[in-house]
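Structural data only, the sequence is not supplied:
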């Protein structure tokens, strides 16, 4: 499907999506790569509040975000990241580099025992590794729960327990303005109340010493 170039085209596309949802979204879906095509675009029953999109289909969104772009865009920027401190260097990550890092993390998670259907809590600041963590989970079929890296230990623990997370991905610390927030220490407090967590993976973003307590925690 072509990119929308102006507001009039947006309005026309929106109207068509309302009047002909199956045709419209089938055309949009043609832009993705599917392991198995769908049997029916839309099934719905408002009496039982059951709605299914692309029933019978199978795809991997990490693959669609990355792999399908590699032949033509491997050396083009996928992420351009600006740091909290303007004096620090920005980062430009190509599709090929992003693909490599996500595959590394996905394989590391698999080696640690994370499998399809497992829940993973992501407690990371706004750094490229946050997107990598989400796409790595998506790649192996793990369900990820993103928790804002500013929430308290109690809030993290509540979300971990509610989701049934067995794995936590976090970082050592992050600066918010001039304030250093030590994320790993906050996670440590949360893990005292989350018996289901089996492993904690820490990205050393600020190069601070990180305490790990085996055998509960692992480190990548």
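Here it is on my side, so go on. All of these numbers come straight from a predicted model, not from anything done at the bench. Numbers count the residues shown, from 1 in each chain.

can you give me the strands for this structure?
Applying DSSP state E to the chain gives strands spanning 40-45, 50-55, 77-81, 91-94, 119-123, 143-146, 167-171, 174-176, 179-181, 199-203.

Quick one: closest of those to residue 63.
strand 77-81 (14.1 Å; CB to CB). The way it works is simple: take the backbone N, C-alpha and C, and place the C-beta from them, glycine included.

For the spatially most central residue of the chain, give me its contacts.
The residue lying closest to the centre of the chain (CA atoms, centre = their mean) is residue 134, at 1.8 Å. Residues counted as contacts of residue 134 (CB atoms under 8 Å, 6 or more residues apart in numbering) are 122, 144, 146.

any idea how far residue 34 is from residue 93?
27 Å (CB to CB, to the nearest Å).

Just want to know which of these two has more residues nearby.
Ranked by neighbour count (other CB atoms under 10 Å), residue 34 and residue 93 place residue 93 first, with 18 against 15.

And this protein, what are its domain boundaries?
Domain assignment for the chain by automatic domain parsing gives 7-56, 62-203.

Tell me which of those sits most buried.
domain 62-203 (a mean of 17; mean count of other CB atoms under 10 Å).

next one: phi and psi at the spatially most distant residue from the centre of the chain?
Distance from the centre of the chain peaks at residue 47, with 33.2 Å (CA atoms, centre = their mean). Here is the backbone geometry of residue 47 (degrees, to the nearest 10): phi -70, psi -40.

any idea how far it is from residue 54?
Distance from residue 47 to residue 54, by CB to CB: 22 Å.

can you check residue 19 too?
Per CB to CB, residue 19 is found 19 Å from residue 54.

Would you mind putting the domains of the chain into TSV with distance to residue 210 and mean pLDDT alongside?
Shown next, in TSV, are the domains of the chain (distance: least, CB to CB, whole Å; pLDDT from 0 to 100):
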stretch	distance to residue 210	mean pLDDT
domain 7-56	38	94
domain 62-203	5	96
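
could the ones you listed be laid out in a markdown table, adding distance to residue 209?
Shown next, in a markdown table, are the domains of the chain (distance: least, CB to CB, whole Å):
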| stretch | distance to residue 209 |
| --- | --- |
| domain 7-56 | 43 |
| domain 62-203 | 8 |
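
got the angle for the longest helix anywhere in the chain vs strand 77-81?
As assigned by DSSP state H, the longest helix anywhere in the chain is helix 95-112. Angle, helix 95-112 to strand 77-81, by axes from the mean of the first three to the mean of the last three CA atoms, to 10 degrees: 80 degrees.
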